[in-house]
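Enquirer: Only the shape, not the letters, is given here:
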């Protein structure tokens, strides 16, 4: 037990980080390269199991929005997304109201969420929100806590390595989900709102989007809402961030107009 406790102390002493925008202190015990490797491997496995849409209006919309969100993320947080190779998959599943992003820039959108987003601006809010979780390394943070708990419980590192991918996937809302905390959700709302606005999407669409999400959750269990609680607090927070988000949005729109886009 002593060696596991000692290992835990080492992890804590070397795993300190801070979240973007908020500066909140984080405990993250894996490197970005380790996290990206797991994300890339997981993405390949998911695509083997799921049926994807590779053409058509909805596919083109997801690619278009994804590309702009990726460009905005690269510009706003270049150090945090260094080495990312962005890919966006549209997964054919009308019953799944969900979207996710994995370390390394691999993202998935289920067709079931499109009737709820309704338009590109709202879809950008959703995709940017998921990308924000990756940028803030929320999955690594959650999985690091889970791994640290295992170490305290006396689980050997060799045993943990076999579970790393499942833990990271769960931490990003895939498989056996480790729910994001309310603090992490708030950070993803804020960072995602700024990314979407910076990408040229109207951040004001965030409020009706989350209202629709809330209604969707009342009709039937929505996987997307299982770790994304909609509340009056969320709406209030978004309203508070809106002036800054609108500044990014208006600057981007003006810049694109000047370039004739």
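Expert: Yep, it's here. In this text, all values refer to a predicted model and were calculated from it rather than measured experimentally. Residues are numbered from 1 along each chain as shown.

Enquirer: now the helices for the stretch 151-261 of the chain?
Expert: 157-161, 164-171, 182-198, 206-219, 223-226, 232-258 (DSSP state H, counting those that start in this stretch).

Enquirer: export these to CSV and tack on mean neighbour count and distance to residue 26?
Expert: Yep, even glycine has a C-beta here, placed from its N, CA and C like the rest. Formatted as CSV, the helices of the stretch 151-261 of the chain follow (neighbours: other Cβ atoms under 10 Å; distance: least, Cβ to Cβ, whole Å):
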stretch, mean neighbour count, distance to residue 26
helix 157-161, 11, 20
helix 164-171, 22, 13
helix 182-198, 23, 10
helix 206-219, 17, 25
helix 223-226, 18, 23
helix 232-258, 14, 20
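
Enquirer: These: which one's closest to residue 117?
Expert: helix 206-219 (6.5 Å; Cβ to Cβ).

Enquirer: ok, and what's touching stretch 180-195?
Expert: For stretch 180-195, the external contacting residues (Cβ atoms under 8 Å, 6 or more residues apart in numbering) are 19-22, 24, 69, 72-73, 76, 125, 128-133, 135-136, 138, 141-142, 173, 203, 206, 227-229, 234, 237-238, 241-242, 244-245, 248.

Enquirer: let's see 6 Å
Expert: 19, 21-22, 72-73, 128-129, 132-133, 136, 138, 203, 206, 227, 241, 245 (Cβ atoms under 6 Å, 6 or more residues apart in numbering).

Enquirer: Could you tell me which residues make contact with residue 121?
Expert: Contacts of residue 121 by Cβ under 6 Å, 6+ apart are 201, 202, 205.

Enquirer: I'd like to know which of those residues is nearest to residue 119.
Expert: residue 205 (6.9 Å).

Enquirer: distance of the nearest residue to the closest one once chain neighbours are set aside from residue 208?
Expert: Spatial nearest neighbour of residue 205, chain neighbours left out: residue 121 (3.9 Å); criterion: Cβ to Cβ, 6 or more residues apart in numbering. Applying Cβ to Cβ, to the nearest Å, the value for residue 121 to residue 208 is 10 Å.

Enquirer: One more: residue 70?
Expert: Taken as Cβ to Cβ, the span from residue 70 to residue 208 is 24 Å.

Enquirer: picking that back up, nearest to residue 46, of the helices of the stretch 151-261 of the chain?
Expert: Short answer: helix 164-171, nearest of the helices of the stretch 151-261 of the chain by Cβ to Cβ, at 8.6 Å.

Enquirer: pLDDT value on residue 17, please?
Expert: The model reports residue 17 with a pLDDT of 76.

Enquirer: so which helix or strand takes in it?
Expert: Following DSSP states H and E, one finds residue 17 within strand 16-18.

Enquirer: Tell me the first helix or strand C-terminal of that strand.
Expert: Counting by DSSP H and E, what follows strand 16-18 is strand 25-27.

Enquirer: That following strand pairs with which strands?
Expert: strand 16-18 (antiparallel) (DSSP bridges).

Enquirer: Can you tell me how far the residue nearest to residue 205 is from residue 61?
Expert: Taking Cβ to Cβ, one finds residue 121 at 11 Å from residue 61.

Enquirer: can you give me the strands in the stretch 51-200 of the chain?
Expert: For the stretch 51-200 of the chain, strands defined by DSSP state E, counting those that start in this stretch occupy the ranges 52-53, 87-91, 99-102, 106-110.

Enquirer: right, so those: which one is the most enclosed?
Expert: strand 99-102 (a mean of 27; mean count of other Cβ atoms under 10 Å).

Enquirer: helices and strands around that strand, which ones?
Expert: helix 32-49, strand 106-110, helix 120-135 (3 or more Cβ pairs under 6 Å, 6 or more residues apart in numbering; DSSP states H and E).

Enquirer: and among these, the most buried is which?
Expert: Using mean count of other Cβ under 10 Å, helix 120-135 ranks as the most buried of the helices and strands packed on strand 99-102, with a mean of 26.

Enquirer: what is the mean pLDDT for that helix?
Expert: On average, helix 120-135 scores 97.
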